[in-house]
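*Asks:* Got a predicted structure here, sequence first:
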Amino acid sequence: MKWVTREHAKIDRIACPWLIKNFVDRDAEFLFVAADKVMQTAKEMDAIPFDVPNAELGHHGEECSFDAIVKKYDLARKEPALLELARIVRGADTPNRSLTPQSEGLVAMATGFSLISKDDYDNMAKQFYLYDALYAFCKSTNTKSTSSSSRH
């Protein structure tokens, strides 16, 4: 399946492809286009638009596109650590930077990666390791909180 979003990706537009590739569509192909071309490209290429205004997989209320994908595909049912990763991404991608202690750091890292990458595809390739590490962190903290709460 093809997925399309705005070019010059930073937080949500890199986190979402990581989420999609790992939990929704292993063979996903991503297109990064000018903001005003996303919906047109989605129609022409039969692609799913994400992280753009008025898209099902976009920002809704306080939540970001990462949240929308987790919900639409019911990913937290099998992978509850994705809920904590979603909070980190949401904090980094919305004005609520204090949502998690990791959110502000994610902003700095995502900005740095965008500065050292030659294009959105290079940026995505470099940052996927960051999201692998954040997901492992969330799984480890989720396991600790689950096992400590089960002792009480």
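*Replies:* Now that the structure is in, tell me what you want to look at. Residues are numbered from 1 along each chain as shown.

*Asks:* buried set for the longest helix anywhere in the chain?
*Replies:* As assigned by DSSP state H, the longest helix anywhere in the chain is helix 120-150. For helix 120-150, burial by neighbour count (16 or more other C-beta atoms under 10 Å) applies to 120, 123-124, 126-128, 130-131, 134-135, 138-139, 142. Bear in mind the C-beta positions are built from the backbone N, C-alpha and C, glycine included.

*Asks:* Report all helices and strands that that helix contacts.
*Replies:* Based on contacts counted as 3 or more C-beta pairs under 8 Å, 6 or more residues apart in numbering; DSSP states H and E, the elements that helix 120-150 packs against are helix 12-19, strand 29-33, helix 81-93, helix 103-116.

*Asks:* any idea which of these is most buried?
*Replies:* Of all these, helix 12-19 carries the top mean neighbour count, a mean of 26, counting by mean count of other C-beta atoms under 10 Å.

*Asks:* hmm, who's touching it?
*Replies:* 3, 5-6, 28, 30, 32, 50-51, 57, 64-66, 69-70, 75, 82, 89, 93, 110, 113, 120, 123-124, 127-128, 131-132 (C-beta atoms under 8 Å, 6 or more residues apart in numbering).

*Asks:* low pLDDT regions in the chain?
*Replies:* 142-152 (pLDDT under 70).

*Asks:* how near is the residue nearest the centre of the chain to Asp36?
*Replies:* Centroid-nearest residue in the chain, with C-alpha atoms, centre = their mean: Ala15, separated by 2.5 Å. With the distance defined as C-beta to C-beta, to the nearest Å, Ala15 ends up 23 Å from Asp36.

*Asks:* Now for Ala9, how many residues are close by?
*Replies:* Using other C-beta atoms under 10 Å, Ala9 is surrounded by 25 other residues.

*Asks:* if I look at the spatially closest residue to it that is not a sequence neighbour, how far off is Pro17?
*Replies:* With sequence-adjacent residues excluded and distances taken as C-beta to C-beta, 6 or more residues apart in numbering, Ala9 is closest to Asp120, at 4.9 Å. Taking C-beta to C-beta as the measure, Asp120 falls 9 Å from Pro17.
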